[in-house]
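Chemist: need a structure here:
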Amino acid sequence: MLAAFSFTRSNIAVITLFILAVSFNELGSYYLLRTAGLHDIDTEYSRVQVFQTTDPRSGRPIEAMAIDPYFTQSAVFLDSDELVFDYNKYYDLAEHFKPGPRTSLMIGGAGYSYPSSYLEKYTGSTIDVVEIDPKMTEIAREFFRLKDNERLRSIHEDGRIFLNSAPAKKYDAVLMDAFGSLFTVPYQLTTIEAVREIDRVLKDDGVVILNVGSALGGEGSRFFQAEFKTYQAVFPRVYVFKVHKEHSDERLQNLMIVACKSGNKIGLENSDPAFAELLANIARYENDTDLPILTDDLAPVEYYNSLAQNLNLQN
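Modeler: This is a model prediction of the structure:
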């Protein structure tokens, strides 16, 4: 268990970290965050900064992880196991669209915040986590309370390579959290070829849920629009939810795409208040873009995300 967060001159070096894009990473509505206990770690793939700060909404202490200048990829409360980021809660919608015990696949581990929550909440389910960076899993164990569990399997491999060789119809749910940074979106997981592999590894009534940092409309929405269109080319039913419904469509934010392998209509009502709250944030989106679907031959996600970054920095 990590010690509670505090500022003391004798045992903690206090620094100031400038974090932008507050809506996307959900770590605040102000810009200067006082942080402490900084660990600056180089891995084979990233420079990772782990630090302690306070959640701006609740004022509670958190441990956070950042791998780029603007966004925070993972965080845990120091005083509880609740999820810090609201977008993580939307992965629970797999229970609405595919009820019952599940075999799940999560691509993108980082601090393993959601996999840990999943194991606690769904005691009859298992989860495979594909995280390309073995050091990330070590960091999750050291700083984010990841514990060994026979129902969790960590695979240190590129997500696309794993998908290409995974057994068909193995998983009830695929949860994608590999797009947490606009600087490092792995294009090979965005394309129609990758989406077809996701469809292949899902059971006939399976569901895929992915987090996309993008605007819903306007110039900063190109990545989302192209990705949504790509999923529509494979899955018969595709929905999008705004994590913060009150945000304007042109604002960079967390958008959750939910795609169902079955063509059967699934209602968007649920008697459980937690699920009902999530489902109420469905966005009424008509994809009439003329952008091409993403393919292995053409997936300009860096260009699309550079437009979103520039617009965000201007606001």
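
Chemist: alpha carbons only: can I get stretch 209-228 in PDB?
Modeler: Output of stretch 209-228 as PDB, limited to C-alpha atoms (Å, rounded to 0.1, in the frame of the first residue of the first chain):
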ATOM      1  CA  ILE A 209     -15.200  -1.100 -26.500                       C
ATOM      2  CA  LEU A 210     -12.500   1.400 -27.300                       C
ATOM      3  CA  ASN A 211     -11.400   4.800 -25.900                       C
ATOM      4  CA  VAL A 212     -10.600   7.500 -28.500                       C
ATOM      5  CA  GLY A 213      -9.300  10.900 -27.600                       C
ATOM      6  CA  SER A 214     -10.800  13.200 -30.200                       C
ATOM      7  CA  ALA A 215     -13.500  15.800 -30.800                       C
ATOM      8  CA  LEU A 216     -16.900  14.500 -32.000                       C
ATOM      9  CA  GLY A 217     -17.300  17.200 -34.600                       C
ATOM     10  CA  GLY A 218     -15.200  19.900 -36.300                       C
ATOM     11  CA  GLU A 219     -11.700  19.900 -37.600                       C
ATOM     12  CA  GLY A 220     -10.400  18.000 -34.500                       C
ATOM     13  CA  SER A 221     -12.700  15.100 -35.100                       C
ATOM     14  CA  ARG A 222     -11.000  13.400 -38.100                       C
ATOM     15  CA  PHE A 223      -9.400  10.600 -36.200                       C
ATOM     16  CA  PHE A 224     -12.700   9.700 -34.500                       C
ATOM     17  CA  GLN A 225     -14.700  10.000 -37.700                       C
ATOM     18  CA  ALA A 226     -12.300   7.800 -39.600                       C
ATOM     19  CA  GLU A 227     -12.100   5.200 -36.800                       C
ATOM     20  CA  PHE A 228     -15.900   5.100 -36.400                       C
END
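
Chemist: now for this structure, the helix or strand with the poorest mean pLDDT.
Modeler: Ranking every helix and strand in the chain by mean pLDDT, DSSP states H and E puts strand 14-18 at the bottom, with a mean of 30.

Chemist: show me the strands in the stretch 101-250 of the chain, by range?
Modeler: Per DSSP state E, counting those that start in this stretch, the stretch 101-250 of the chain carries strands over the ranges 103-107, 126-130, 152-155, 171-176, 202-214, 237-242.

Chemist: which one of the ones you listed lies closest to Asp42?
Modeler: Counting by Cβ to Cβ, Asp42 lies closest to strand 152-155 out of the strands of the stretch 101-250 of the chain; the figure is 20.5 Å. Bear in mind the C-beta positions are built from the backbone N, C-alpha and C, glycine included.

Chemist: note down every partner strand of that closest one and its orientation.
Modeler: Each strand that strand 152-155 pairs with, and the sense of that pairing, follows from DSSP bridges: strand 126-130 (parallel).

Chemist: and the partner strand with strand 171-176, angle?
Modeler: 40 degrees (axes from the mean of the first three to the mean of the last three Cα atoms, to 10 degrees).

Chemist: map the structural domains onto the sequence of the chain.
Modeler: By the record's domain assignment, the chain is partitioned as 14-77, 86-314 (automatic domain parsing).

Chemist: dump these into CSV; add mean neighbour count as well.
Modeler: As requested, those are arranged in CSV below (neighbours: other Cβ atoms under 10 Å):
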stretch, mean neighbour count
domain 14-77, 18
domain 86-314, 18
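
Chemist: ranking the ones you listed by mean pLDDT, which is last?
Modeler: Averaging pLDDT over each of the domains of the chain singles out domain 14-77 as the lowest, with a mean of 70.

Chemist: next, find the distance separating the closest residue to Val234 other than its chain neighbours from Asp272.
Modeler: Spatial nearest neighbour of Val234, excluding adjacent residues (Cβ to Cβ, 6 or more residues apart in numbering): Val195 at 4.7 Å. Counting by Cβ to Cβ, to the nearest Å, the separation of Val195 from Asp272 is 29 Å.
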